[in-house]
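Chemist: what follows is a predicted protein model with its sequence.
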Amino acid sequence: MEYARWSRQILIFENGVKDQEKLLKARITVVGAGGLGSALLMYTVAAGIRNIQLIEHQRVEESNLNRQILYGEGDINTSKALAAKRKLLEIDSQANVEVVEKKVEDSEKEIILFDPDILIDCSDNLEARRFLNRIAHIIKKPFLYAMVEGFSGMLSVVYPYESACFECAFFGKVQKEGTTPILGATAGFAGALEASLAVQIILGKKPLFGELLSIDLNKPSLQTLKVNRRKDCYVCGEG
Amino acid sequence: MSVARVNVVYKGNEQVISEVRTVKEILEKLGINPNSVIVTVEDELVAEDYVLKNGDKVKIIDVISGG
């Protein structure tokens, strides 16, 4: 295989081409191709992660274009999943992008059959993350999630039954009603961070184990917060 | 359970709050819905029933959910 397109990143991998081959064989499920998903998908495909299941059921709207850089004006009112797939195949024509045009809550069977190495949340709501957290504990695969608003973001990785899960941190929390204000760069920054974390996880590392990364692009600053497992957690606890 | 005097940061504003025993009491004093925020003490996520000590550095962070 020709590795020229990944030659710059192979230089930083501990095991060089062998690590690149891990990326090429990896399978990821990505939920959401919006602001987070745009950056995450483009950077993961560019890095050589070629086997992608994309769950997204919405259509492109004009108000998406400040942050959802997978799309242009010509994509308005078309399927996000199919427009995203077209763009990703422009980046790497050998990528395998399996599109699931359903709500994530209706995609349990598809996710389990796809058998991803990582579940990646790029959704826009807490309920989707709760669902993915439960699925991650069923298939026992890492769950990478991110949330953004305004100039702020939060990211973490759940290693099922090893580190704090989504509910250990966010049980009972509710999201604000109404339209979420967001600078495109905030979503792009967090999505790019997710892509970097996904690469590290595929290469055998465990970034953000028991940690929640808090992003403030106003200052700007990054802060790592410790999150402990809850014994009484209804997903990962002792019951 | 004795009362504590703690430093609280919320929405970029820092203030000293006295006569509180738990995180829940801080949120009540500030009129914040506990389901809309997460709270850290010394950079560690804590529950509402966390018992405070004098001088604790408390940060209240709005829950965000967008993507």
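Modeler: Nice, thanks for sending it over. Numbering: from 1, shown residues only, chains lettered A, B, ... in the order given.

Chemist: now the strands: where do they sit in chain B?
Modeler: Taking DSSP state E, the strands of chain B run over residues B:4-10, B:13-20, B:37-41, B:44-46, B:57-62.

Chemist: for chain A, which of the ones you listed is the nearest?
Modeler: Comparing the strands of chain B by their distance to chain A (Cβ to the nearest Cβ), the top pick is strand B:44-46, with 4.2 Å. C-beta here means a position set from N, CA and C on the backbone, and glycine is covered the same way.

Chemist: buried ones in the closest one?
Modeler: Within strand B:44-46, the residues scored as buried using 16 or more other Cβ atoms under 10 Å in any protein chain shown are B:45-46.

Chemist: before we move on, the earlier item: most tightly packed of the strands of chain B?
Modeler: strand B:37-41 (a mean of 20; mean count of other Cβ atoms under 10 Å in any protein chain shown).

Chemist: now that one: average pLDDT?
Modeler: Mean pLDDT, strand B:37-41: 98.

Chemist: and stretch B:16-34, by the same measure?
Modeler: 97.

Chemist: what's the answer for stretch A:204-223, then?
Modeler: Rounded mean pLDDT across stretch A:204-223 is 96.

Chemist: that stretch near chain B anywhere?
Modeler: Yes - residues of stretch A:204-223 are located near chain B by Cβ under 8 Å from any Cβ of the partner chain, namely A:212, A:214, A:223.

Chemist: of those residues, which is the most crowded?
Modeler: If you count neighbours using other Cβ atoms under 10 Å in any protein chain shown, the busiest of the residues of stretch A:204-223 next to chain B is residue A:212, which has 23 neighbours.

Chemist: and it, how far from residue A:119?
Modeler: 17 Å (Cβ to Cβ, to the nearest Å).

Chemist: those residues of chain B touching chain A, which are they?
Modeler: Neighbours of chain A within chain B, by Cβ under 8 Å from any Cβ: B:35-36, B:38, B:40, B:43-45, B:47, B:61-67.

Chemist: at 7 Å instead, please
Modeler: By the rule Cβ under 7 Å from any Cβ of the partner chain, the part of chain B lying against chain A is B:35-36, B:38, B:40, B:43-45, B:61, B:63-67.

Chemist: quick check, residue A:102 in contact with residue A:57.
Modeler: Yes - under the criterion of Cβ atoms under 7 Å, residue A:102 makes contact with residue A:57 at 5.6 Å.

Chemist: ok, now which ones touch the closest residue in space to residue B:23 that isn't next to it in sequence?
Modeler: Closest residue to residue B:23 apart from its sequence neighbours, by Cβ to Cβ, 6 or more residues apart in numbering or on different chains: residue B:50 at 4.7 Å. The contact partners of residue B:50, by Cβ atoms under 7 Å, 6 or more residues apart in numbering or on different chains, come to B:22-23, B:41.

Chemist: contacts for stretch A:221-237?
Modeler: Contacts for stretch A:221-237 (Cβ under 7 Å, 6+ apart): A:133-134, A:137, A:156, A:160-161, A:163-165, A:167-169, A:210-215, A:238, B:40, B:43-45.
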